[in-house]
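Colleague: here's a sequence, model it:
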Amino acid sequence: MGRGQTSTEKYLLQLKDCELIKNMDSKTAESFFSLFHKESWPKHSCILNQEKLIYHFYIILSGRIKMYQVDSGNGKELTLFLLTKNDVFDIFCLLDGSKHNAYYECLDDAKVLAVPMEDLRKWLKKHPENYQTILSYSGKQLRMLEDFASNITFTDISTRLLNLLLKHVNRKSQNLELINDLPNKEIANLIGSTRAVVNRHLQKLKQLGSIKISRKKMEIKNLKMLINLLKEKKKNK
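Modeller: Numbering: from 1, shown residues only. So this is what the prediction gives:
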């Protein structure tokens, strides 16, 4: 009988595209994954306690988890990141050890690997060569936040929506991924708008024939049209 697959081998296969571990050798990966335990979080589970983020670090195995902030005055939400398989959080708490003014909610049933933050910091002290990978990952997150802030400040809603749709199109299959089954409220939270405004713009795109909308799914019907609409927006800016 063949040897059964170890937890490390299983996680390496599942997370082969995770930037934090894809360049680790097998020995380093084994010591890394020995720190973690698996948790299952039902859909709509929320992390509202910021203390939890200070004391634990997570890698997503499956499901979508949104990272968002809420205006304490009017309750309006803004989604900063839509995280999925291979993504990690909270990288900022890992680096500075301070509370992070952000919340998390599972948009699907999710499975994550969790590790006490202090255990991970101790491991990094023993394996300092992995700090470069973490800094590189953090830099990409900061650039994404920079692009998000620029987009939400300097572009109108229709341009933001086009950017969002095109960002999540698989160019090979031309399928819309990650956001294709989200309700309009969640789409609105991703671009700093409201459900009613997003619905109006989506209906316009539907009438043009660029997208198809059913009750629980959105599809791209004419990718070239979406690209041209965005080009026209930028030209007339």
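
Colleague: and the residue nearest the centre of the protein?
Modeller: The residue lying closest to the centre of the chain (C-alpha atoms, centre = their mean) is L83, at 2.0 Å.

Colleague: for that residue, what are its contacts?
Modeller: 60, 64-67, 89 (C-beta atoms under 8 Å, 6 or more residues apart in numbering). For every residue, glycine as well, the C-beta is placed using N, CA and C.

Colleague: ok, L12 next?
Modeller: Contact partners of L12, counting by C-beta under 8 Å, 6+ apart, are 21, 26, 29, 33.

Colleague: are any of those residues buried, and which?
Modeller: Using 16 or more other C-beta atoms under 10 Å as the burial test, the contacts of L12 include 21, 29, 33 as buried.

Colleague: where's the second one relative to L15, distance?
Modeller: To L15, A29 is 10 Å away according to C-beta to C-beta, to the nearest Å.

Colleague: identify the contacts common to those two.
Modeller: Residues touching both A29 and L15 (C-beta under 8 Å, 6+ apart) are I21.

Colleague: and the lengthiest helix in the chain, what does it pack onto?
Modeller: Longest helix in the chain, counting residues (DSSP state H): helix 131-154. Contacts defined by 3 or more C-beta pairs under 8 Å, 6 or more residues apart in numbering; DSSP states H and E place helix 131-154 against strand 77-83, helix 91-96, helix 157-167.

Colleague: out of the ones you listed, which is closest to M144?
Modeller: Among the helices and strands packed on helix 131-154, the nearest to M144 by C-beta to C-beta is strand 77-83 (7.2 Å).

Colleague: partner strands of the closest one and their direction?
Modeller: Strand 77-83 has its sheet partners listed here by DSSP bridges as strand 65-70 (antiparallel).

Colleague: flag every buried residue along the partner strand.
Modeller: Buried positions in strand 65-70, judged by neighbour count with 16+ other C-beta under 10 Å: 65-68.

Colleague: max pairwise distance over the contacts of L83: which two?
Modeller: For these, the farthest-apart pair by C-beta to C-beta is R64 and F89; their separation is 12.5 Å.

Colleague: coming back round to it: the inter-axis angle of the longest helix of the chain versus helix 157-167?
Modeller: 150 degrees (axes from the mean of the first three to the mean of the last three C-alpha atoms, to 10 degrees).

Colleague: export helix 131-154 to PDB, keeping only CA atoms.
Modeller: Output of helix 131-154 as PDB, limited to C-alpha atoms (Å, rounded to 0.1, in the frame of the first residue of the first chain):
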ATOM      1  CA  TYR A 131      10.200  38.000   6.000                       C
ATOM      2  CA  GLN A 132      11.000  39.100   2.500                       C
ATOM      3  CA  THR A 133       8.000  37.100   1.200                       C
ATOM      4  CA  ILE A 134       5.700  38.700   3.800                       C
ATOM      5  CA  LEU A 135       7.000  42.200   2.900                       C
ATOM      6  CA  SER A 136       6.400  41.500  -0.800                       C
ATOM      7  CA  TYR A 137       2.900  40.300   0.000                       C
ATOM      8  CA  SER A 138       2.200  43.300   2.200                       C
ATOM      9  CA  GLY A 139       3.500  45.600  -0.600                       C
ATOM     10  CA  LYS A 140       1.000  44.200  -3.100                       C
ATOM     11  CA  GLN A 141      -1.800  44.700  -0.600                       C
ATOM     12  CA  LEU A 142      -0.800  48.300   0.000                       C
ATOM     13  CA  ARG A 143      -0.700  48.900  -3.800                       C
ATOM     14  CA  MET A 144      -4.200  47.400  -4.100                       C
ATOM     15  CA  LEU A 145      -5.400  49.700  -1.400                       C
ATOM     16  CA  GLU A 146      -3.700  52.700  -3.200                       C
ATOM     17  CA  ASP A 147      -5.500  51.800  -6.400                       C
ATOM     18  CA  PHE A 148      -8.800  51.300  -4.600                       C
ATOM     19  CA  ALA A 149      -8.500  54.800  -2.900                       C
ATOM     20  CA  SER A 150      -7.600  56.400  -6.200                       C
ATOM     21  CA  ASN A 151     -10.500  54.700  -8.000                       C
ATOM     22  CA  ILE A 152     -13.100  55.500  -5.400                       C
ATOM     23  CA  THR A 153     -11.900  59.200  -5.200                       C
ATOM     24  CA  PHE A 154     -11.300  60.100  -8.800                       C
END
